[in-house]
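Build me a structure from this.
(2 chains)
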There are 2 protein chains.
Amino acid sequence: MADGAFLAADWGTTNLRAWRVGADGAVLQSADFSLGVSRLAPGEAATRFEAEVRPALGAEGLPALLCGMIGSTLGWTVAPYIDCPASPETLAAGLIEAAPGVRIVPGLRCVGLVGPDVMRGEETQILGWLAADAARARGRHLLCLPGTHSKWVKIEDGAVTRFVTAMTGELYALLGAQSVLRFGPDQAQDLEAFDRGAAAAGDGGALSARLFSLRGLTLAGLVSPATAPSWLSGLLIGAEIAGLWPLMAGDAPGRVEFVGEPSLCALYARALGAKCSHFGLTDGQAAAIDGLKAIWKAAP
Amino acid sequence: MADGAFLAADWGTTNLRAWRVGADGAVLQSADFSLGVSRLAPGEAATRFEAEVRPALGAEGLPALLCGMIGSTLGWTVAPYIDCPASPETLAAGLIEAAPGVRIVPGLRCVGLVGPDVMRGEETQILGWLAADAARARGRHLLCLPGTHSKWVKIEDGAVTRFVTAMTGELYALLGAQSVLRFGPDQAQDLEAFDRGAAAAGDGGALSARLFSLRGLTLAGLVSPATAPSWLSGLLIGAEIAGLWPLMAGDAPGRVEFVGEPSLCALYARALGAKCSHFGLTDGQAAAIDGLKAIWKAAP
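You can find the predicted model right below:
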């Protein structure tokens, strides 16, 4: 079991968030950096980490635990995927040393909807959600982590048993920026349009046709340009839920634990509607640091 | 009824193809121009047409009939959509004069999968398909026009009664160019990977999850980078068919008439597989000129 103070970091594609954690587990300092792995030159992770991240946190000489895309081929050192089922202990046993005192959390792999599915970074948030309440280590839970690549995750008796990824957020960004459906930035959320879009998802099939219908609706003045982004968001989230809910919720009672950005989680909850009788909500950043602390505790 | 020689043009978003047609209906000359409406400055259509298109065809002074996006808000003059059911006669009656002697074919509108659906340009190809065989003016037919925005079209007794658009080609281009699934240009078609992608479409639901599965399959080496484009093409076409076939084919016998680029039509036919017992194939360019001639004949 590792203990003592350490530097924790969620090092993703775009950004890096890091914390200095005291020996008692308290977060003493945190900082954000525009240092995501997509912005690093090859081989640059180690030097930027030592030169920028450690000093900003006053964490020179501390051991470090990193999660996220920093363990991918674009990152510092590859931390190979661990197969499901995966518990805090199996993840801790799979830590990879990138440099003396610097360890990286591996991603997860499972049998997905079609072939293998993977995650890298979300496994730490999931462990953080598990660690936040000892009662969560028993029984079955369904988690949803909305985002660029949304994850629906089954937890059974404290282990991740299966998950499916939907690239809903990435589709939304691509379609809004560059397709025939494109729109300007920074439109206000319109919940009425979101609901209409979610209803237009139907059974979730024929998505490429349902998407094009936004063109006809805007040409006819039935969806305004200002509310088109909300309609599109509703359609894509509604189609994701229509497609994945039967697979992931099964015959379990309608309870979902959301982990992520709260306003996006709220949209997913809204689109779920009557399918779901209870929601939990955990902020994604809080879950990430909780997860890093839990893995640190379990680390050999 | 209009007769005599005329200049015919299919003036789309990216390109313009034009023909000089003799009084007997024979095509005497044709030319392509990189003059699609997305490449025109506002108000420029008339001057470019007179200065470049007419001289290249030796068609100074001839009446002209144009179809495609040139009738949209991006084009020369807006030719408002005609509502379905639409026959050659109703389209001819809806021609809009953009300038003396220059007329534009209107697009079509119908009740689509979600709200109104629209087409502009494909209506002329459909009429060309109808005009190519007098027997087609009777009975029910199902047409498929694959492309950036694929159209599935019901014809009943010589009129377009309903259609649905799927933005499958546009999704393919966006995902291949800029998403986590992106790949390089000019990969050779791999039919085995196409078939596996089409099979991965399943019932067509959960498309955003099925799309992400290509990431897991390539990471695991189960789909090679070189065959990923074919797999993606199979998935998107398969999902389009799974979603729209029940709606458009109904309980009709499995017969589809394809109009479009022959190699793309062949992929659609391949993905349809046993759903369909007979295919027809008409080249899209041939259908466009046939349609312009048919509308010309029917024009007031």
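
Can you give me the neighbour number for A:Gly139?
When neighbours are defined as other CB atoms under 10 Å in any protein chain shown, A:Gly139 has 11 of them. For every residue, glycine as well, the C-beta is placed using N, CA and C.

With the one 4 residues further on instead?
Burial of A:Leu143 is recorded as 26 neighbouring residues (other CB under 10 Å).

what does A:Phe279 give?
The number of residues packed near A:Phe279 is 16, by other CB under 10 Å.

Name all residues that make contact with it.
A:Arg255, A:Val256, A:Glu257, A:Phe258, A:Cys265, A:Ala269, A:Leu272 (CB atoms under 8 Å, 6 or more residues apart in numbering or on different chains).

Now go through those residues and say which are in strands.
A:Arg255, A:Val256, A:Glu257, A:Phe258 (DSSP state E).

how about the helices in chain A?
Taking DSSP state H as the test, the helices found in chain A are A:45-48, A:54-57, A:88-93, A:122-131, A:168-178, A:191-200, A:207-219, A:228-249, A:262-272, A:284-298.

Please name the residues that touch the closest residue to A:Trp76 other than its chain neighbours.
Using CB to CB, 6 or more residues apart in numbering or on different chains and skipping the chain neighbours, the partner closest in space to A:Trp76 is A:Ala45 (3.8 Å). Counting by CB under 8 Å, 6+ apart, A:Ala45 touches A:Val37, A:Ile70, A:Gly75, A:Trp76, A:Ala98.

So which of those residues sit within strands?
The members of these that map onto strands under DSSP E are A:Ala98.

From the contacts of A:Ala45, keep the buried residues only.
Burial by neighbour count, 16 or more other CB atoms under 10 Å in any protein chain shown: within those this picks out A:Val37, A:Ile70, A:Gly75, A:Trp76, A:Ala98.

any idea how far the first one is from A:Asp10?
When CB to CB, to the nearest Å is applied, the distance between A:Val37 and A:Asp10 equals 12 Å.

Need the overlap of contacts for those two.
A:Gly68.

picking up where we left off before, out of the contacts of A:Phe279, give me the two with the largest separation.
Using CB to CB, the pair of those lying farthest apart is A:Arg255 and A:Cys265, separated by 14.2 Å.

between these two, who's got more neighbours?
Using other CB under 10 Å, the more surrounded residue of A:Arg255 and A:Cys265 is A:Cys265, with 24 against 14.

where in chain A is pLDDT low?
A:1-2, A:186, A:251-253 (pLDDT under 70).

can you rerun that using 80?
A:1-3, A:185-187, A:250-253 (pLDDT under 80).

Go through the helices of chain A and pick out the most buried.
helix A:122-131 (a mean of 27; mean count of other CB atoms under 10 Å in any protein chain shown).

ok, the residue nearest to A:Ala188 when sequence neighbours are not counted to B:Ala137 distance?
Closest residue in space to A:Ala188, ignoring its immediate chain neighbours: A:Ala226 at 7.5 Å, by CB to CB, 6+ apart. Distance, A:Ala226 to B:Ala137, by CB to CB: 45 Å.

now A:Gly147
According to CB to CB, A:Gly147 and B:Ala137 sit 53 Å apart.

Neighbour count for those two, which is higher?
Applying other CB under 10 Å to A:Gly147 and B:Ala137 shows that A:Gly147 carries more neighbours, namely 21 against 15.

what's the distance between the closest residue to that one other than its chain neighbours and A:Leu143?
Spatial nearest neighbour of A:Gly147, excluding adjacent residues (CB to CB, 6+ apart): A:Gly169 at 5.3 Å. Relative to A:Leu143, A:Gly169 is positioned 16 Å away (CB to CB).

isn't A:Ala173 right next to A:Thr148, touching?
Yes. Counting by CB atoms under 8 Å, A:Thr148 is a contact partner of A:Ala173 at 7.4 Å.

need the contact list for A:Gly205.
Neighbours of A:Gly205 in contact, by CB under 8 Å, 6+ apart: B:Asp203, B:Gly204, B:Gly205, B:Ala239, B:Ala242, B:Gly243.

Please repeat the previous calculation with a cut-off of 6 Å.
Neighbour list for A:Gly205: B:Gly204, B:Gly205, B:Gly243 [criterion: CB atoms under 6 Å, 6 or more residues apart in numbering or on different chains].

burial count for A:Leu77?
Check again: residue A:77 is Thr, not Leu. A:Thr77 has 18 nearby residues by other CB under 10 Å.
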